[in-house]
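Q: below: sequence and its predicted model.
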Amino acid sequence: AERLFRAQGFGATTVRQIAAEAGVSAGTVMSVGDKDALLVAIFDGWIDAVHRARTGDDGTAPAPMSADVAVDAIMALFEPFIRYFAGDEELSREYAAIIVRGAHESAIFRNLALSLITEIAEALARAGLGGVDSGRAARVVHYAYLGILMTVSHGTIQEPDAVDQLREVVGFVVTHEGGEE
């Protein structure tokens, strides 16, 4: 499905073509899901693989870090995803539309979201933001990231600008502690 989606476009690809390419029946493909579900599975599989490859606890206590290092660490979490979304705007736009419609769940709004927010909060705490502030700030950064992904998938901004804009948001959050409640 991914190869066909990329070669001829999501809209032009049929379930019958996917089945023929895979050497199975259309019913077998549909038992996995419709085209929308297949596209979500493709994106989520890639997103999950990148996330799993990046995570790993070496058992050492995390050291404090400067604001600049924290910004770099947080950006390292997001840059592969921004690049992936920018790499094929049509598929990214289709994926975003499917997610917005709410018919299919996605990893970026479930487990991965919680994991990313935790990782961001940890980096922010290491940069000096307090516990509650680091959690709130992590959610702000995560929501900015999602907005930027949607903007990239729309084609409104290109990858370098998306990375720069997210870096700007992260830098602002890292250097501006929360105000009075």
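A: Okay, I see it.
Q: going forward, measure contacts and count neighbours with C-alpha atoms only.
A: Noted.
Q: could I get the pLDDT score of residue 61?
A: With respect to pLDDT, residue 61 scores 59.
Q: I should have written residue 28 there, sorry.
A: Residue 28 is assigned 90 on the pLDDT scale.
Q: can you check residue 156 too?
A: At residue 156, pLDDT is 86.
Q: what do you get for residue 180?
A: pLDDT, read off for residue 180, is 41.
Q: give the contact list for residue 65.
A: Going by C-alpha atoms under 8 Å, 6 or more residues apart in numbering, residue 65 touches 123, 126-127.
Q: and for residue 81?
A: Residue 81 neighbours (C-alpha under 8 Å, 6+ apart): residue 47.
Q: for it, which three-state class applies?
A: With DSSP: H, G, I helix; E, B strand; the rest coil as the basis, the three-state label of residue 81 is helix.
Q: quick one: pLDDT of the nearest residue to residue 141 once chain neighbours are set aside?
A: Nearest residue to residue 141, sequence neighbours excluded (C-alpha to C-alpha, 6 or more residues apart in numbering): residue 170, at 6.2 Å. If you check residue 170, the pLDDT there is 92.
Q: please, which helix or strand holds residue 170?
A: helix 159-175 (DSSP states H and E).
Q: pLDDT below threshold where in the chain?
A: Where the chain drops to pLDDT under 70, the residues are 55-62, 107-109, 177-181.
Q: can you show me the helices along it?
A: Remark: helices assigned in the chain by DSSP state H are 2-8, 15-22, 26-32, 35-54, 67-87, 89-101, 111-126, 131-154, 159-175.
Q: contacts made by the first one with the rest, please.
A: Residues lying outside helix 2-8 but in contact with it, judged by C-alpha under 8 Å, 6+ apart, are 10-13, 18, 39, 42, 88, 91.
Q: quick one: residue 52 and residue 158, what's the gap?
A: Using C-alpha to C-alpha, to the nearest Å, residue 52 is found at 26 Å from residue 158.
Q: more neighbours: which of these two?
A: residue 158 (18 against 11; other C-alpha atoms under 10 Å).
Q: confirm for me that the more buried one is in contact with residue 152.
A: Yes. Judged on C-alpha atoms under 8 Å, residue 158 makes contact with residue 152 at a distance of 6.2 Å.
Q: hey, what's in contact with both of those two?
A: Counting by C-alpha under 8 Å, 6+ apart, the common neighbours of residue 158 and residue 152 are residue 86.
Q: sorry, back to before: which parts of the helix holding residue 170 are buried?
A: 159, 162-163, 165-167, 169-171, 173-174 (16 or more other C-alpha atoms under 10 Å).
Q: which residues are in contact with that helix?
A: By C-alpha under 8 Å, 6+ apart, helix 159-175 touches 67-68, 70-71, 74-75, 79, 82-83, 86, 124, 127, 129, 137, 141, 144-145, 148-149, 152.
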